[in-house]
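**Q** Everything below, folded, please.
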Amino acid sequence: MIVPFMNKDAYADKFEKAQTKMWRDFNDDQHMWVCGSFFHFSAAEGWDGLKGFDLSSGAEKKSEKSNIPIIGDLLNPKSGKAYVVQARKAIASQSIDEADPTKSFRSLMWVMPTLEDRDKTLVALRLGRTYTISQSDETKQCITKNIDLLPKVYQSLIKMDQFQFPFSLQSQLAANVVADPDFVANDQQLEALKMGEG
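**A** Numbering: from 1, shown residues only. Model prediction:
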């Protein structure tokens, strides 16, 4: 994915009102950090090779050679400075790696809604450990199949006070629930989960 943008003064007469105050107050390096943060916080491990570039250096030479009008215009020094932040989408696990199941579970949770990065890390560790020590193929298959139910489990857990029920215990409960072959995340089970949490 490639995200190009111009410096804040480019086309100010047309787009200044569209800029937020924060964007106007930031310098170009900070703009690249903001853009890179979208990659990081959307699915940090789901992107490889996150980089930012200032395309303005040598823009006169590049714009003369460009055959693509939008790039030629983007690199035109009259328009202002041009920047790009880019990354490649990482390949998500298609199966559970027996040597490192935690990494596989983490990959399967890259873009899961509801779960914070902290929760993904904690629950992936616990699922990986449960998967590794399990002697039952049924439990391993259950974990693999039920991992998609984690957002529903965490919708109940996020309402809990972190001091009374810390994140590490929440992740252990989520891992235990997902490893249960009888858990299908129906309304009755989710209601019972909420009642059990108090």
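
**Q** could you list every residue that touches Asn146?
**A** Val178, Ala179, Asp180, Phe183, Ala185 (Cβ atoms under 8 Å, 6 or more residues apart in numbering). For the C-beta atoms, the positions are set from N, CA and C on the backbone; glycine is no exception.

**Q** Could you do Arg24 as well?
**A** Lys8, Glu16.

**Q** distance of it from Ala18?
**A** Between Arg24 and Ala18 the distance is 11 Å, computed by Cβ to Cβ, to the nearest Å.

**Q** go on, Lys8?
**A** From Lys8 to Ala18 the distance is 11 Å (Cβ to Cβ).

**Q** what about these two, which has more around it?
**A** The neighbour count for Lys8 versus Ala18, taken as other Cβ atoms under 10 Å, is higher for Lys8 (19 against 8).

**Q** Was I right to think the more buried one contacts Gln30?
**A** No: Lys8 lies out of contact with Gln30 (Cβ atoms under 8 Å); the separation is 10.3 Å.

**Q** tally of neighbours for Thr130?
**A** 19.

**Q** Just the element for the nearest residue to Lys51 once chain neighbours are set aside, please.
**A** The spatial neighbour of Lys51 that comes closest, neighbours along the chain excluded (Cβ to Cβ, 6 or more residues apart in numbering), is Gln86 at 6.0 Å. Using DSSP states H and E, Gln86 maps to strand 82-89.

**Q** Please name the strands paired to that strand in the sheet, noting orientation.
**A** Strand 82-89 has the following sheet partners, assigned by DSSP bridges: strand 2-6 (antiparallel), strand 47-54 (antiparallel).

**Q** Okay, domains of the protein per the record?
**A** If you go by automatic domain parsing, the domain ranges for the chain are 2-89, 101-197.

**Q** Dump those to TSV, plus distance to Ser95 and mean pLDDT.
**A** Shown next, in TSV, are the domains of the chain (distance: least, Cβ to Cβ, whole Å; pLDDT from 0 to 100):
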stretch	distance to Ser95	mean pLDDT
domain 2-89	17	73
domain 101-197	7	88
